[in-house]
Each structure stands twice: as structure tokens, then as C-alpha cells.
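J.: Fold the stuff below for me.
(chains A and B)
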Amino acid sequence: MPGKLKVKIVAGRHLPVMDRASDLTDAFVEVKFGNTTFKTDVYPKSLNPQWNSEWFKFEVDDEDLQDEPLQITVLDHDTYSANDAIGKVYIDIDPLLYSEAATVISGWFPIYDTIHGIRGEINVVVKVDLFNDLNRFRQSSCGVKFFCTTSIPKCYRAVVIHGFVEELVVNEDPEYQWIDRIRTPRASNEARQRLISLMSGELQRKIGLKVLEMRGNAVVGYLQCFDLEGESGLVVRAIGTACTLDKISNTAFLPACNSPSKEMKESPLVHPPSHGCRSTHNSPIHTASGSRLTQNFSLSVPTLIYTGMGSGSAGKEGGPFKALLRQQTQTALEQREFPFFTLTAFPPGFLVHVGGVVSARSVKLLDRIHNPDEPETRDAWWAEIRQEIKSHAKALGCHAVVGYSESTSICEEVCILSASGTAAVLNPRFLQDGTMEGCLEQRTEETSPLGCGFCHIPYDELNMPFPAHLTYCYNCRKQKVPDVLFTTIDLPTEAMVIGKGCLIQARLCRLKKKAQAEANATSISNLLPFMEYEVHTQLMNKLKLKGMNALFGLRIQITVGENMLMGLASATGVYLTALPTPGGIQIAGKTPNDGTYEQHISHMQKKINDTIAKNKELYDINPPEIPEEIIGSPFPEPRQRSRLLRSQSESSDEVMELDLSHGKKDAFVLEIDDTDAMEDVHSLLTDVPPPPGFYSCNTEIMPGINNWTSDIQMFTSVRVSRLSNINLTNQTLNKNFNDLCENLLKSLYFKLRSMIPCCLCHVNFTVALPEDEVIQVTVTAVAITFDKNQALQTSKVPAAEKTLQRASTDNEEQLQFPLELCSDPLVSQPFSPAKAASLDKASPLAEGHLRHRSIPSCTNSSVSVVKMTPLSFIPRAKITKYLGIINMFFIRETTSLREEGGVSGFLHAFIAEVFAMVRAHVAALGGNAVVSYIMKQCVFMENPNKNQAQCLINVSGDAVIVVRESELEMVPVQPSAPVSQPTSAGGDVTT
Amino acid sequence: MTNDLDIFVGNTTLIDEDVYRLWLDGFSVSDAVTLRLRSGILEQTGATVDVLQSDTMDHYRTFHMLERLLHTPSKLIHQLHFQIPPSRQAMLIERYYAFDESFVREVLGKKLSKGTKKDLDDISTKTNITLKSCRRQFDNFKRVFKVVEEMRGSLVENIQQHFLLSDRLARYYAAIVFFANSRFETGKKKLQFLTFEDFAYCAEQMIENWTLGAVDSNVDDMDVDLDKEFLQELKELKVLIADKDLLDVHKSLVCTSLRGKISVYNEMEANFKNLSRALVNIASKLTHNKDVRDFFIDLVEKFIEPCKSDKWTLNDVRLFLTQYMTSAHTVDAFRHQALWDRYMNTIKSCLLKMYHD
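T.: Sure thing, here's the model as predicted:
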């Protein structure tokens, strides 16, 4: 009996009228936990009842505490008939189970009904008394902290990063149980909500146990998803990265940060040794090649394999030190089944090299699961895929996968399982307890101070897994780098970038015949490699068109529908100074005799060249000119492009001119041999750049922008489009899909125009195919206004000097202020109110705040503001405390769709309700913001003929307390985030 | 390809003030889009008509959802459904409860009943305000009326507390409630020259001086109903015109002090008895509901029009009324000084406000 849960029901407000005769309600509350239920008295005839109940006490196991949600039901008492339910509140009490998080949950919660939505609010107080449990064989894992954030949370430092944890639980979906035929939709929805809540709790507890086994105390990058498999069940699965975290005690004095991982640098304990872990002097021969997608598709019945990797050549070592290092890291990692990390940003020094994106997909038939109620089959499926990812990483000479994620797409009985990540070489220092540190550090050589280390290829140049184009690193000149780099992670803080980044998307549809079972699965898995290939080509083309050479945060989503497959890849393109300048795109026609055709081609070529030039200007990409000689590689370029490798992703290289001796050394040639290719080129040029003042990216950090204001707006936008024409072709489908996405973006830019200059960060698109000919696109992102005037002040790239000068002369006045702050000698002193006041005055934001306060009639608002963002930080504010994970699942259903404003009205209201419930829970925990917020699922189904619709939404994030920078002690506002701009050391570039 | 569903939901509810105005003005989505197009918004932003259409729809949906809360503004402040900064909430409420001059002039003093609601069609045609907007404004009047009608305490404060309106708007609503309750006639052709602001001012004066609240601040309906006892007592003032001696004394006192000061001395002297009779008669008749309703017509017909026809200036009127009121105090035989002041102060203020040069 290791815990006591105490609940008090205080009051209600804005309750709905339940008794038409009196226009009033006789409300009472049932409080249920596990199998125990308490009731309050009936508060008669009021819409604002004051129950002020006693403390209801539940004595429970901590196992139950972790699994069960607290269920609060508000009812209307009826003397003669059954009591009517007004609505429910589910409270996850997990945040109360670890000492560093919240201590009490207290506040107003919206009362939610799956049919009517929010119906008034209820004020509840919840506390937990935990008794220490000394039982070694305990089933609970209270005390393990969970974070959705995919980097080491601020105010913690990573002592050890243990690695991958995963778990999966299966249950029968209540919607498919026989009893569903006789119960009301409300009962069925509630059963489902409750079940998922229970399963999530169980899952979290089990993962917690695994973490304890690994001697960790936290899970970072926790991603939980559910799969609605239909008849075969309901799966809730989660992955994460187990860590041992240490709380940084003096958080109050750390500077607030605008970029996610800056803070880690401030912590002396995690400060990276300026040593990396690779010896270069005796390994001039490096491993080879650019990073590409590798893929592998398998069906549950016949297994088709398109393995991309030449051989398992990774074992070849360049030199003794490198070998040693490899052995060490390998032993560190090989203890683990899967050396995967769900993190996308890392402590400095953690990431040594990046190989490239690895991905694996497999098509499964859900109705062939032998024992659907047990998790074994799905476990085996995922294990298989993870195994593939692991081997792909190996082939790239990497021993680990970072930025790892998993997803599914289900249509009827077909399910596509996908996993992807970035193959990488890691510094073992963080992977094991401190013991290794000493011996390693002696051997390690300096990591390039130029921040290019992670770009250097980890694989063997003479034994490249696939053909690619290597050059010496443009920063250090010592190591080889690929010509382009694709990754699923965020831009590392030390990376040096020229100009700004931008969102790059590849969009693709493929029709497929309707088919059953194996035939269907086969046709899907036959299509997948082609889609993957085309997505890759599109990304490459668009990247070149932007004049950039690397992609970060790459996420490829393949969605399966009845009669089509959709592919949507999003990433943030940047120009890394370490990689070669991308060549242009050259168009080559197949029929050179035709005069008009030639003309057309040259016209297109001109357009493309213009676009590239325009983009370079738009994103401030003006890399320094580099003398040719330096680039020449002393080693023979690998030209052994075997036919075998052709069939897979290596795609674009086929048409790539690799002759380095030429001036147009890496021009990218597009062959237009048929109308399809023509279409492709056209679609390349139809992507309109965002309007002036807007930038967008899907990563946490936008390179080139670092002076965010506190003005943020998180939003979700959903569009459902019906394809009208029956005779669909791939072309029209592609065009429709492309238009849908482009129009959606345009709409966002228009709506958010008041925030200019503004950047849309963490733009996350998801595509669903709920029915035939219906496409649903959901976007969640955060718009952040930045201060244009200071945008360029930190850039010190010689090449960017012109822009820099312009910026600084224009803005001398603006610059003065931050500079003054920096030079202030009092900075390290504790809070001084006088100074705070002066800053308040100086900052227009603070003024705005005061103005708000002075609005007379509305200051009595009892509703506290809760900010939400998909990023791991709130700009201009500092996270002082993590209160726990928010993981909520809601169902909303209506049988009066028209009356609720049609599908748009219905979903609009529901999403607003979901936001409201998230905010209420955070506020009740004592928080004022949600970071790393994500809408993991938004399943919408409608039946307009029956006037019905249903929607399921699953969201999660980390509840936190943030303190505004201006309210903090006056630490110097670091004017330059080291994030993305080359520092003065970058001057070496030209030598 | 058509968009079945197209929504945008911000964590902070996005509100476009221009679109809000169009929505309040009762324009349909397509009319609103046309109007926005005309404003040149596309040229400024480089957007397309589709984008504008979708944006307008989205805002209209938001406003539609907010409307339920705007009916009880305190709910809007405390609700959790939409996160709106306080300054924005205040703006939403203030604008929602704002009304058009031409509309309020049509409805002022009418019973806020279903019957009047049926006439909204005609009002809409006449004023060129959309029917939707007329309905909103009418419903606002009615809602405020219902809530504060039977409440204790100051009318303006009650309105402010329940509807969170600005001071100015709360005063206007107090006037509307007051007029609706006593059903003052304001629509006659002769009264057309008066603005709503004129009436609102008069209402405020009457509430301040003539209601129960003026003497006792702790009664029901104190600011809404006129003080019946006071109206009854007003009959006593009749002595000023009934008693010939009194009338003459009063006249000579006024004439002496105004000689040389007023530009229409002769006209004033000639008309004194008529004017005095008019003002006192209005007072003595206020016990009848019908005469209360005609209060403003009477003021215009019996006082303002005669003065106008003799080309009195506003200053003349002020001088006359001031003298007319104070001189009565020096009429020895006249004993109802307090009553006289309570009546005349308000009448004077009203007439001065209503007398447009």
C-alpha cells in the first residue's frame, strides 16, 4: 500500500442547464480511481455549484498510481429517472509521482463530454502521499521522469545517455467489441478513452522499469503512438532514450536562452572537452561517400528485399587509434540490442560523425496476426525493422542511429511500418559511466574547432557503401566530406552555416489498384521503392534549386490508402560551410534535333538558373569563392558504379556528372526524356517562396535567425480535400496534392501576416487518406516573430561582410542597447529590482505587458495564460522547472454535424477544446507553458448522410514553468547564439 | 478538387479586427470577401482569393463560436475554451455591444418585445443596416434590459459589472434601458433632429435626479423607474401659473434681471407666460404614463419650437432658464423650492442639450 491519493472537489462553474423546467442543474460529482468511487453531495439548483467536498482518499499501489487515470464525472441528479452525465475529467496523476515535478494538481478543468464537448468547468485539488517502497521486485517505476523533448532538457545535464527503450502493449479495441452494438456512442467513446489512458499508463510504467534496469532515471525524447488496427486490436507503443540526468542546481543564474541547446554549454559539468575522439594524422584515408537513404521493404508473406548497401564493409578500420575508438564505442553500444537514440539535439561533443539517413519500411497484413491479443507479433515486426536499420547504419560505418523515429500507416488490413534515423558515430563518453573517460581523453585529438567534424564521412572511402562524390572538407581541409548531407536530426549547435535555412518538401502520389490481402501488400511494396526514389530525387532537386547542400530534420511519411499511396518528405535545407558549393541544375533533352524543343529546354534552363540566383539572394547564401586547386582530391574518385546498386535509391547520381576536373564540377543534370520528367521540372518551379518577411523550417533552430521576440503563436491547421475527377492519373493527383500543400502554406502566411518578420518553426505536416479520393493534411507549427534589425549582427563571415555592414549601419541605435547590457559589470549579481525596472521600460514587450495590466474591466480574469510550442524552448524565456509529461487522448463525436457548423465547425471547435484541456492541465500543475508539444494523431471520419462525424486526437508535450527573460536576473542577453553563424574562426575558410 | 474542411486553430485565438467588424455588420462570408477584396488586401499581401475566402470563413467560424460567450461577457473572461489576451477580450466585448446611431434612434423608447423585433425588417431597409446586425443590436438591448431591469444599485454600474463595457458604452446602455422602460416617444418626425447622444444625456439627467435612486440608493429598480412620489408632488408646481400674482411676480423678476442681457428680450417678455405655463404643465402632467411618453415631444412643441421661431440663441435659452429657475426662489409665496430645483435642474439641462442652434 505504498501511496495515498487525495482528491477534493471544490466547485463548478458555467454548468449546462440540465433541467429545462427550472433552467438549472442539480449537480454532484463522482470521483473514481481504480475500483473505488466516492460521491459528493448534490448541490441543488445551481449552474455554479460550490461542493467544497471533504478529502476523498484512495489507498493504492503505486503500480495503479502509474497506470490508472483519476476519473471525475459530473452528473445531474434526477429523483425519478437515471442521473444524467454532464461530462468527465480525466487527470493523469503521473506528474505527482516524482519529487522534482509538480506537488499538487489544483485548478479549473473543462468538463468534457465526447458528444457535447466542453460543458462548464470544475475546480479540483489532487495530492499524492507516497511511501517509500523497498521491495526489489516491484512492478512500478515511480520516479522515472519522462520528457517529450528530444534533447537534454534545460536545467538538467546528462550524466549518462543509456540508449534505446521501447515497449508495446495491445488490447482489443472497444469499438470492435460485440458490446459496442448495444451501448451508446458515448459509452463506447468513454471506454476507448479510458482504455488508451490505462494502456498509456501501463506502457510508461513498463518503460520506466526498463530505465531503472539500465540504471537510468529518465526517458528523453519519449514518443508514444497508438495504432488503430481495427479488428485486430489497438496498439499503444512508445520509444525513447534512457538517460541519467542530474538537475543543475543554480538554474536561476543561467542566462535565458533562445536556442535550445545553448544552455548545455553554460554548464561547466557538461562542457565538452575540446577533444573529439578521432585521430586523423595517421588515417589520411578516410571512408567514403555521401549519405543517402537506404531502404528495405518486406511483406509479411513474401519478403522482398531491396537492400541498398554494397556490403557490410564498415569493419574496415583506417588506423589503430580509430580502431581502438571504434572498439570502445562499439563495446559501449553493442551491449545494447539497438544502439538507437530518439534525440535530435545533443550535448556538445556527443555527435562525432554523421553518416546519413537510414530508413526501413515493411508492409504487413493485420488480419494474419496469429495471436492478435498478444504483443509478440508486433514486437517481432518492429525488431525486424530495427535490425535492418542497425545493419544499414553499420554499412555506413556507423555504430549508432540518432534522431530515430518509428511510424505506421494503416488502411484496412494493410499496415506499413516505417523507421528512420541518422547513422552516426558517437562519443562514447556519454554512453557509459565515467570510467572510460580518462583513458579516452588522452588519445583523442582535437575536434575541429571549425565545427565541421560531424560532416566528415564515417565510412571507408575505398569501400564506399554506394557511389558518391567526396571532397576535402571546406573548413578543415583534412577530412573528406560528401557533396550533400541528409539527416533526421536538428542542426548541431556547432555547425557553421551561411545564410538562412528553409523548409523543403517533396510531395508525391501514386495510384494503386484496389486489391485484397497479399496482392495488395505486394503491389504496395512494389511501389514503395519507386516512391522512395522519387521523393529522394525531388528533395535533391529542390535542395539544389535553393543553392543549399544539407538537409536536417528529414521526415518522410508514406501514407497508404485504398487506391493510392502518398509520400510527403519535409526537411530544412541549409548551406553548410564544410560541404562543397552545390552546382546548378542542368537540363538535358533527349531529342536534340528538334529546334523548338531545344528552345524550350534552354528557356527552362534559364528559369532554373534564375530561381537558383533568386533563392541564394533570398536566403543570404553567398559563400566565399575558393580556388579550384584545393578541392582536387588526391585520391581516385570511386567510379565503380555497379549496375547492382542502380536499382535502389542511388537515384540522382545516375545522371550526375562526376568529372571533377571540369569547371562545372558538380552540376546536376536533369534529363528530360519524357513528359513525366517535364512535369517534374515544372513542379520544381511551381513552389513559391514564402512572402517577404516569412521564413520556415521544420527544425528547432532556424539558421541565421537568433533574435526571437517573445511573440509566439502555435497553431494547428487541417484541410480535407476531395478529389473530384474520377479518372485520376498520377499527374493530376500529384498536382492536386502539391496545390493542397502549397495553398495551405499560403494560407498560413496570410493568416500570420501580422507577425512579420516571422519564422514558422517546427512545421510538421501529416497526411492521411481517410477514404477513397479524400486527402487530409494536418499542419502544426509555431510562428515566432523575430527582431529584424538585429538579425544579422552576429554574422561575421567574411563573405557576408557586405550584408553585415549594411545591417550594422542601419541599426546602430538598436545595437546599442544589448551591447550596453553585455558590458554591464553587475551582471552576475543577484536580482536587482532597479535594473529590472529600467529594462522593463526599455523593452517594448514589457510595456505591452503593462498596458495589458491597465485594461480596467478585464484584469479580474482568473485564467492564466499558457503558451504552447512544438519547440523545446520558449523564446525570451527560461524554463525553470519541468512539471511532467502531458499525454492526452480525446474522442469527439457528433450526430448533429450540420447544426455544429459542418465538418469545419465540428473540428475547429474540437481542436480548440483540446488546446483548452491541455492548457487547463498545465495550469493545474502550476505551469505556464507546454514545450515539445505534438499532435500525434488526428483521425477524422465523417458520414454526412447520417449527419455524423467522429474525431480522435492524441497530443503530448512537457508541462513547464518558464520565467520571462525580463523578469529574470539581468544576465547579459547573449547577442550571438553560437548556433549557426560561423565565428571569427571561420575566417580560415579563405586560406 | 474542393476543400471539404479547412480550419486554422491557434493556441491564442487569432482575431482580425477588420473581419470582426464585417461580421458584426452582418455581412455574409461572400460579401465580406468582396469588401475585403476592395480594400486592396490582396495587393498588399500577395495572397489569392481562395486564401481570402478560407481566412474569412475561419474568422467567421471563430466569431460564431465566441458569440455564445459574448452574450454573457463574464463567461468570456473566465472560460478556458479560447485563449484571448485581456485587451482583446475587452475589444471583442466593446465592439459586440457597440451599436449604430441610426439603428438606436429607431428603437429608442420602444418596447423591447417580439413585436418590435418583427419591425426590424423595416428598420433594416430604412437604415441600410443589415438585418443580421439589427438583430444583434436589438438582442443586445434586450439582453441588457432583462439583466439589469430588476436589479438594485446604480444602473450604469450594474451594466458595467455584468457586461464589462466601457464607462461610455455603459452609460449609453443605461439610457437605452431607461427609455425602453418608460417608453419615451423619440421617433416622431419633430424629434428627428435630436441625436441619440442628446437623449442619452437627458436620460442620464433624469436618472440622476428623478428616479428613486436619486433619493434612496437601496431600492429595487431604483434607477429604472421614475420616482412616483416626486411626479405626484410636481402637481404642486401648478401654483406658479395658476396663481396670477405669482406668475406676474415671477415674470417681472425674470424680466428685470434679463434686460439688456438677452438678445430676444421683447419676444421673451411677450412669451413668458406661455413658456412658463408650458414648463409647469409638463411637470404637472407627468403622473400619467402617456404624458411621460410624450415628455420630449412636449418639450419640443411647447418650448423649443416657440423659441426657435423667435430665433432665440442657445445662450438666450440658457440665460432665460437660469433666471427662470433662480427667480422662483425669490417669489415669496412659492414654497416648493426643493421640488422646483429637482424638476428644473433636469429640465434645464435637457432643454439646453436639445436646443440645437
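J.: got any ranges where the stretch 101-250 of chain B has weak pLDDT?
T.: Scanning the stretch 101-250 of chain B for pLDDT under 70 picks out the ranges B:214-222.
J.: Could you give the residue of the stretch 301-450 of chain A that lies closest to chain B?
T.: A:Cys411 (19.1 Å; Cβ to the nearest Cβ). For glycine as for every other residue, the C-beta is placed from the backbone atoms N, C-alpha and C.
J.: Next up, the contacts around that residue.
T.: The contact partners of A:Cys411, taken as Cβ atoms under 8 Å, 6 or more residues apart in numbering or on different chains, are A:Val560, A:Gly561, A:Glu562, A:Leu769.
J.: what's the spacing between B:Val177 and chain A?
T.: 19 Å (Cβ to the nearest Cβ, to the nearest Å).
J.: What residues does that residue make contact with?
T.: By Cβ under 8 Å, 6+ apart, the contact set of B:Val177 is B:Phe141, B:Val144, B:Phe145, B:Val148, B:Glu149, B:Leu155, B:Ile159, B:Val224.
J.: The fourth one contacts B:Asn158, correct?
T.: Yes: contact status for B:Val148 versus B:Asn158: in contact at 4.6 Å, counting by Cβ atoms under 8 Å.
J.: ok so, going back, now tabulate the contacts of A:Cys411 in JSON lines and tack on neighbour count and secondary structure.
T.: Shown next, in JSON lines, are the contacts of A:Cys411 (neighbours: other Cβ atoms under 10 Å in any protein chain shown; DSSP: H, G, I helix; E, B strand; the rest coil):
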{"residue": "A:Val560", "neighbour count": "23", "secondary structure": "strand"}
{"residue": "A:Gly561", "neighbour count": "24", "secondary structure": "coil"}
{"residue": "A:Glu562", "neighbour count": "17", "secondary structure": "coil"}
{"residue": "A:Leu769", "neighbour count": "20", "secondary structure": "strand"}
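J.: Nearest to chain B among these?
T.: The shortest approach to chain B among the contacts of A:Cys411 belongs to A:Leu769, at 13.5 Å (Cβ to the nearest Cβ).
J.: returning to what we had before: and the contacts of A:Cys411 as TSV, adding distance to chain B and pLDDT?
T.: TSV is the format used below for these (distance: Cβ to the nearest Cβ, whole Å; pLDDT from 0 to 100):
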residue	distance to chain B	pLDDT
A:Val560	20	92
A:Gly561	15	90
A:Glu562	17	87
A:Leu769	14	91
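J.: how about those, which pair is most distant?
T.: Pairwise distances among the contacts of A:Cys411 were taken by Cβ to Cβ; the largest, 8.6 Å, belongs to A:Val560 and A:Glu562.
J.: quick one: common contacting residues for the two?
T.: Going by Cβ under 8 Å, 6+ apart, residues that sit against A:Val560 and also against A:Glu562 are A:Cys411, A:Leu769.
J.: re the thing from before, who does the residue of the stretch 301-450 of chain A closest to chain B form a beta bridge with?
T.: In this entry, A:Cys411 is beta-bridged to A:Val414, by DSSP bridges.
J.: need the residues of the stretch 51-200 of chain B near chain A, please.
T.: B:51-52, B:54-55, B:57-58, B:61-62, B:64-65, B:75, B:77-83, B:85-87, B:89-90, B:160, B:164-166 (Cβ under 8 Å from any Cβ of the partner chain).
J.: What remains of the residues you listed if I keep only buried residues?
T.: Buried residues within those, counting neighbours by 16 or more other Cβ atoms under 10 Å in any protein chain shown: B:51-52, B:54-55, B:57-58, B:61-62, B:65, B:77-83, B:85-86, B:89-90, B:160, B:164-166.
J.: Around chain A, which positions in the stretch 251-357 of chain B sit nearby?
T.: Counting by Cβ under 8 Å from any Cβ, no position of the stretch 251-357 of chain B is adjacent to chain A.
J.: quick one: low-confidence ranges for the stretch 251-357 of chain B?
T.: Going by pLDDT under 70, which is the cut-off in play, the stretch 251-357 of chain B has no low-confidence ranges.
J.: where along it do the helices fall?
T.: Taking DSSP state H, counting those that start in this stretch as the test, the helices found in the stretch 251-357 of chain B are B:265-285, B:289-293, B:295-298, B:305-309, B:314-330, B:337-354.
J.: got a markdown table for the ones you listed, with mean neighbour count too?
T.: Compiled in a markdown table, the helices of the stretch 251-357 of chain B are given as follows (neighbours: other Cβ atoms under 10 Å in any protein chain shown):
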| stretch | mean neighbour count |
| --- | --- |
| helix B:265-285 | 18 |
| helix B:289-293 | 14 |
| helix B:295-298 | 20 |
| helix B:305-309 | 14 |
| helix B:314-330 | 18 |
| helix B:337-354 | 18 |
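J.: Next up, identify which helix or strand the residue of the stretch 1-150 of chain A found nearest chain B is on.
T.: For the stretch 1-150 of chain A, the residue positioned closest to chain B under Cβ to the nearest Cβ is A:Pro110, at a distance of 5.3 Å. Secondary structure here is read from DSSP states H and E; on that basis A:Pro110 sits in strand A:105-113.
J.: hey, C-alpha coordinates of that strand in PDB?
T.: Included here for strand A:105-113 are C-alpha records, laid out as PDB according to Å, rounded to 0.1, in the frame of the first residue of the first chain:
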ATOM      1  CA  ILE A 105      -2.700  19.500  -9.100                       C
ATOM      2  CA  SER A 106      -5.100  22.200  -8.500                       C
ATOM      3  CA  GLY A 107      -7.300  24.300 -10.800                       C
ATOM      4  CA  TRP A 108     -10.200  24.600 -13.100                       C
ATOM      5  CA  PHE A 109     -10.600  21.800 -15.600                       C
ATOM      6  CA  PRO A 110     -13.000  21.800 -18.500                       C
ATOM      7  CA  ILE A 111     -15.700  19.200 -18.100                       C
ATOM      8  CA  TYR A 112     -15.600  17.200 -21.300                       C
ATOM      9  CA  ASP A 113     -18.300  15.100 -22.900                       C
END
